[in-house]
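Q: Curious how this folds, go ahead:
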Amino acid sequence: MSANQNSTALVTRRGLALEPWHDVNWQRLWLSLQARPWSALAIVPASGGGPPDLTVKIAVTLARTGMIHLPAPIHVADGTDLNLSGVADFLEEVKQCQLAGDRIITALAPVTENPISEVVAQHADCSLLCVMFESMSSTEAKLTIARIGKERFIGSTIFRPADFLGK
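A: Model prediction:
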């Protein structure tokens, strides 16, 4: 994926702006996430070291990509700043979306920085591990997987810092 620093859109070979959810790489990622049924998906950074809004941007882009594919809304929940006093209400809202038959994608903070992320990810149907190339610790990534549970992950994906410039 190549990013235009002055826009939130990706640049195509002809120089025309393309919204990220129309990009073939995002569509491939979305389709790969359909390998297992889910209504709640947690977006989990492998470790600290990425942009603070990394998982929010991934969740929003995946939701928009999914809404092209499916004839239904996909909600995004920002759990990156979630604290202990708010976790019960947050999980209840996620559950209400699921009971209504809607899908929800939850953006989380690194589990090494916020232990609430671990709890939220364990309540989701599955999680996607997101790695920022050359910016994240493999030791912390292994710890993240161990804390949440290897079986809870549907997969992992690697992003380059340039994928998020200007967005």
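Q: Validate this expectation: Gly155 resides in a strand.
A: Yes. Counting by DSSP: H, G, I helix; E, B strand; the rest coil, Gly155 is found in a strand.
Q: That one touches Ser32, doesn't it?
A: Yes. When contacts are counted by CB atoms under 8 Å, Gly155 is listed as touching Ser32 (6.3 Å). For the C-beta atoms, the positions are set from N, CA and C on the backbone; glycine is no exception.
Q: can you give me the offset of the longest helix out of those in the chain from its chain's centre?
A: The residue-count maximum for a helix in the chain (DSSP state H) belongs to helix 54-69. Here helix 54-69 is found 7 Å from its chain centre; the criterion is CA atoms, centre = their mean, to the nearest Å.
Q: Just want the most central residue of the chain.
A: Ile43 (3.2 Å; CA atoms, centre = their mean).
Q: show me what contacts it?
A: By CB atoms under 8 Å, 6 or more residues apart in numbering, the contact list for Ile43 reads 55, 58-59, 62, 105-108, 127-128, 130.
Q: And the furthest pair within those?
A: Leu62 and Leu108 (13.5 Å; CB to CB).
Q: Comparing the two, which residue is more hemmed in?
A: Neighbours were counted for Leu62 and for Leu108 using other CB atoms under 10 Å; Leu108 has more, 30 against 23.
Q: Which of the helices or strands spans the closest residue to the more buried one other than its chain neighbours?
A: Spatial nearest neighbour of Leu108, chain neighbours left out: Ser117 (4.0 Å); criterion: CB to CB, 6 or more residues apart in numbering. Using DSSP states H and E, the element containing Ser117 is helix 115-123.
Q: cool, Val76 as well?
A: strand 74-79.
Q: That strand packs against which elements?
A: helix 54-69, helix 87-99, strand 103-108, helix 115-123 (3 or more CB pairs under 8 Å, 6 or more residues apart in numbering; DSSP states H and E).
Q: ok, Asp78 touching Val56?
A: Yes. Using CB under 8 Å, Asp78 is in contact with Val56, at 5.5 Å.
Q: Now stretch 146-153: buried residues?
A: Across stretch 146-153, burial judged by 16 or more other CB atoms under 10 Å covers 147-148, 152-153.
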